[in-house]
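Chemist: After the sequence you'll find the predicted model.
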Amino acid sequence: MEIALQNKIALVTAASKGLGFSVARELLREGARVMLSSSNQANLQAASEKLKEEGLSEHATHVADLSDTKQIENLISATLKKFDGIDLLFTNCGGPPAGASLELTDDQWHAAFETVFLSVVRLCRLCVPEMRKRGGGAILTLTSSTVKQPIENLTVSNALRPAIVGFCKTLSKEVATENIRVNVIAPGRILTARTQELDEAFAARTNKSIDEVRRESEEEIPMKRLGDVDEFASTAAFLLSGKASYITGQILLVDGGRVEGIW
């Protein structure tokens with residue numbers, strides 16, 4: 001199925017690895033031109049080289065720390081200088097620190113608020129005017145299944161990611177008549193380095209092996225397996241594409257059925 005991304009200009013943040021990289025790669029496969037951003041120059045360079053090896057050369061890279069307003073502004077400027085516009089925005093950031101509710105410090109909360117929440121606000125504030133100039137666009141924000149069902153020891157994610165959903169829902173209504181769509185994608189257990197990191201932390205905390213933790217996790221998922229990054233990326237690309245032209249203001253779970261709620 002052609003999903004109408006040919007020559008669309010996309011900005012993908014936290015794109016050097018994991019889910020961000022998989023989305024950037026899928027958009028390139030579908031014909032988009034993509035600016036990949038990350039705070040880590042070495043990881044970003046490695047990601048770019050991997051894409052080029054796959055014949056996906058219609059991309060550029062820019063280093064940006066999403067907790068820094070000026071660096072976000074520079075990222076948008078670099079994207080416009082390279083591609084002369086922005087049609088699609090996929091917002092993503094590194095996962096916030098794990099921790100129990102009463103153990104997290106004020107500094108941890110402030111840092112996470114800047115990176116997890118305010119980065120989305122700032123990116124949208126700068127990208128929406130560019131989408132207006134082009135007659136429309138699409139924004140897709142990565143959160144987590146924690147927006148539907150909180151996860152033990154992920155207090156920061158449980159608290160801040162629902163705030164992103166509230167922002168995105170509000171923005172979606174404000175720009176709907178301008179042909180700009182805003183949606184949220186909420187992954188469950190997708191096999192990435194971040195998943196491995198969380199599993200290792202949980203194993204250490206509970207004196208279990210990594211294999212035990214993984215088996216227990218899989219048992220909680222009706223499909224009895226973790227998701228693959230390509231499965232996630234193809235869903236994200238669809239939501240950003242013209243094939244999803246009547247979908248806005250929504251949260252789509254990509255979790256193998258793990259979240260038990262019906263809403």
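Modeler: Perfect, I can see it now.
Chemist: got the residue ranges for the strands in the stretch 51-200 of the chain?
Modeler: Using DSSP state E, counting those that start in this stretch, the strands of the stretch 51-200 of the chain run over residues 59-63, 88-91, 137-142, 180-187.
Chemist: per-residue confidence at Met1?
Modeler: pLDDT, Met1: 60.
Chemist: no no, Gly95
Modeler: With respect to pLDDT, Gly95 has a value of 80.
Chemist: so who does it touch?
Modeler: By C-beta atoms under 8 Å, 6 or more residues apart in numbering, Gly95 lies in contact with 157, 194, 198. For every residue, glycine as well, the C-beta is placed using N, CA and C.
Chemist: helix, strand or coil for Ala10?
Modeler: Assigned with DSSP: H, G, I helix; E, B strand; the rest coil, Ala10 falls in the strand class.
Chemist: That one: how many residues sit nearby?
Modeler: Ala10 has 29 neighbours, counted by other C-beta atoms under 10 Å.
Chemist: Give me the domain ranges for the protein.
Modeler: For the chain, automatic domain parsing gives the domain ranges 9-189+228-253, 191-226.
Chemist: first to last residue in the shortest one, what's the distance?
Modeler: Using C-alpha to C-alpha, to the nearest Å, the end-to-end distance of domain 191-226 comes to 6 Å.
Chemist: In that domain, which residues are buried?
Modeler: 191-192, 195, 198-199, 202-203, 213-214, 217, 221, 226 (16 or more other C-beta atoms under 10 Å).
Chemist: can you check stretch 35-52 too?
Modeler: 35-39, 43-44, 47-48, 51.
Chemist: just the contacts of Gly95 now: which is nearest Val128?
Modeler: Val128 has its nearest neighbour among the contacts of Gly95 in Ser157, at 25.3 Å by C-beta to C-beta.
Chemist: number of nearby residues for the closest one?
Modeler: Around Ser157 there are 22 residues (other C-beta under 10 Å).
Chemist: With Val156 instead?
Modeler: 22.
Chemist: so it touches Val116, yeah?
Modeler: Yes - judged on C-beta atoms under 8 Å, Val156 makes contact with Val116 at a distance of 7.2 Å.
Chemist: Could you name every residue contacting both of those two?
Modeler: By C-beta under 8 Å, 6+ apart, the residues touching both Val156 and Val116 are Pro96.
Chemist: Test for you: state the pLDDT assigned to the closest residue to Gln41 other than its chain neighbours.
Modeler: Computed as C-beta to C-beta, 6 or more residues apart in numbering, the closest residue to Gln41 that is not its neighbour in sequence is Val63, at 5.1 Å. We have a pLDDT of 98 for Val63.
Chemist: residues in contact with the residue nearest to Arg189 when sequence neighbours are not counted?
Modeler: Residue nearest to Arg189 in three dimensions, not counting chain neighbours: Leu226, with 4.8 Å by C-beta to C-beta, 6+ apart. Leu226 sits next to 189-191, 195, 214, 217-218, 256 when contact means C-beta under 8 Å, 6+ apart.
Chemist: so which of the residues you listed comes closest to Asn183?
Modeler: Of all the contacts of Leu226, Asn183 sits closest to Ile190, with 17.6 Å by C-beta to C-beta.
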